[in-house]
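S.K.: Give me the fold of what follows.
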Amino acid sequence: MGRDGSSGSGVSESVVKKVLLSYCYVGIWIFLSFSVIVYNKYILDPKMYNWPFPISLTMIHMAFCSSLAVLLVRVFRIVDQPSSPAMTRELYVSSVVPIGALYALSLWFSNSAYIYLSVSFIQMLKALMPVAVYSISIVFSKETFRSSTMANMLSISLGVAIAAYGEARFNAWGVVLQLGAVAFEATRLVLIQILLSSKGITLNPITTLYYVSPCCLAFLTLPWIIVEFPLLRSTPSFHFDFFIFGTNSFCAFALNLAVFLLVGKTSALTMNVAGVVKDWLLIAFSWSVIRDTVTTINLIGYGIAFLGVAYYNHIKLQALKAKEAQKKALPNDEEARNLVEDSDGDVLGRKNESQG
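M.R.: Below is the predicted model:
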């Protein structure tokens, strides 16, 4: 009796501890993601810090993250480099370079949108990410077309369109930039499946920064020289604020560590649900603190999109549970087991989609 009671207590304490840690990881990720978005808005917005140079800001982030990633991987060896298969020059050029180029474009366009759009409206536009990922996955034959899923995607798109219609500070160029960022990021997530995961290469956020950040930095150099360097050179009054840009870059790097903790210790689906909570908090913050105008039509539109995304996540979770149940129910038949393992690529694709 005593042993049973202590065992039950031990299990209970273990479960409680695990739940509390999960909430802790979620809280850290939401805080850092929230901080990076608001901090970037503060730096880039002409009405705030007024430093409208998104390429320069992205390059500062990439240089900082590259330096710390090299220290962690090569000097302190806190995170091991993937060794199977080895990251050869050919593999880097054919797989990592295209992903780095898309990442550079995604960050450049996303940061540029902060100059023209409110934080709340940007979060509403980001609800289109599942639509973009699903559509691009169909183009690359990573997903099969399903009319029910496409109807769900159309409902999300309709919700975002209604939110855009009700936007008080609608700026067409800002919308184009943010939609471009969504398209580039969705393509990047799909190419990760095609170019890396299909070859057995998995990169955590630190090794991703180690390989991708220098490549991203190199791709941003040319547009920076053409677009922003002449403007920076013509403003001699500007001085580099190490505190502002240092803390901003550190927050961006810490966010990658938080992603590693959250996905590694919980799941990508947990991160996706936490992302919805973060979006609503950002909308509330944008309205109450930054004093951005959030209209009733905005909220109705985003509410429709939110329901569509929530239903999409529910379908993904059910599909994942069905595959797990199928694997457990299979007899020890090697051929049948291989068939299930072959279908796991679809689940992995959805996992990366959630991370996006």
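S.K.: only C-alpha atoms for contact and neighbour calcs from this point on.
M.R.: Fine.
S.K.: any idea of the mean pLDDT for the helix or strand hosting residue 223?
M.R.: Following DSSP states H and E, one finds residue 223 within helix 205-223. Taken as a whole, helix 205-223 has a mean pLDDT of 90.
S.K.: Could I get the contacting residues of residue 35?
M.R.: The contact partners of residue 35, taken as CA atoms under 8 Å, 6 or more residues apart in numbering, are residue 251.
S.K.: which intervals of the stretch 51-200 of the chain have sub-threshold pLDDT?
M.R.: In the prediction, the stretch 51-200 of the chain carries residues with pLDDT under 70 at positions 79-85.
S.K.: remind me, longest helix of this protein?
M.R.: Counting residues, the longest helix found in the chain (DSSP state H) is helix 2-44.
S.K.: after it comes which helix or strand?
M.R.: Next along the chain after helix 2-44, taking DSSP H and E as the criterion, comes helix 54-70.
S.K.: Flag every buried residue along that next one.
M.R.: Of the residues in helix 54-70, 54-66, 68-70 count as buried by neighbour count, 16 or more other CA atoms under 10 Å.
S.K.: Repeat that for stretch 156-172.
M.R.: The neighbour-count check on stretch 156-172 (16+ other CA under 10 Å) flags 156-164, 166-168 as buried.
S.K.: Could I get the CA-only coordinates of that stretch as PDB?
M.R.: Listed next in PDB are the C-alpha coordinates belonging to stretch 156-172 (Å, rounded to 0.1, in the frame of the first residue of the first chain):
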ATOM      1  CA  ILE A 156      -8.200  31.300 -44.200                       C
ATOM      2  CA  SER A 157      -7.600  33.500 -47.200                       C
ATOM      3  CA  LEU A 158     -11.100  34.900 -47.000                       C
ATOM      4  CA  GLY A 159     -10.600  35.800 -43.300                       C
ATOM      5  CA  VAL A 160      -7.300  37.600 -44.100                       C
ATOM      6  CA  ALA A 161      -8.900  39.400 -47.000                       C
ATOM      7  CA  ILE A 162     -11.700  40.700 -44.700                       C
ATOM      8  CA  ALA A 163      -9.000  41.700 -42.100                       C
ATOM      9  CA  ALA A 164      -7.200  43.600 -44.900                       C
ATOM     10  CA  TYR A 165     -10.400  45.300 -46.000                       C
ATOM     11  CA  GLY A 166     -11.000  46.600 -42.500                       C
ATOM     12  CA  GLU A 167      -7.400  47.800 -42.000                       C
ATOM     13  CA  ALA A 168      -7.300  51.500 -41.000                       C
ATOM     14  CA  ARG A 169      -3.700  52.000 -42.100                       C
ATOM     15  CA  PHE A 170      -3.700  49.800 -45.200                       C
ATOM     16  CA  ASN A 171      -0.500  50.200 -47.300                       C
ATOM     17  CA  ALA A 172      -0.400  48.300 -50.600                       C
END
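S.K.: List of residues touching it?
M.R.: Contacts to stretch 156-172, defined as CA under 8 Å, 6+ apart, come from residues 116-118, 121, 124-125, 127-128, 131, 293-309.
S.K.: from the buried residues of stretch 156-172, which ones fall inside helices?
M.R.: Among those, the members falling in helices (DSSP H) are 156-164.
S.K.: Export those to JSON lines and append columns for distance to residue 313.
M.R.: Putting those into JSON lines (distance: CA to CA, whole Å) gives the following:
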{"residue": "156", "distance to residue 313": "12"}
{"residue": "157", "distance to residue 313": "16"}
{"residue": "158", "distance to residue 313": "18"}
{"residue": "159", "distance to residue 313": "16"}
{"residue": "160", "distance to residue 313": "17"}
{"residue": "161", "distance to residue 313": "21"}
{"residue": "162", "distance to residue 313": "22"}
{"residue": "163", "distance to residue 313": "21"}
{"residue": "164", "distance to residue 313": "23"}
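S.K.: between those residues, which is nearest residue 315?
M.R.: Looking at those and their distance to residue 315, the nearest is residue 156, at 14.6 Å (CA to CA).
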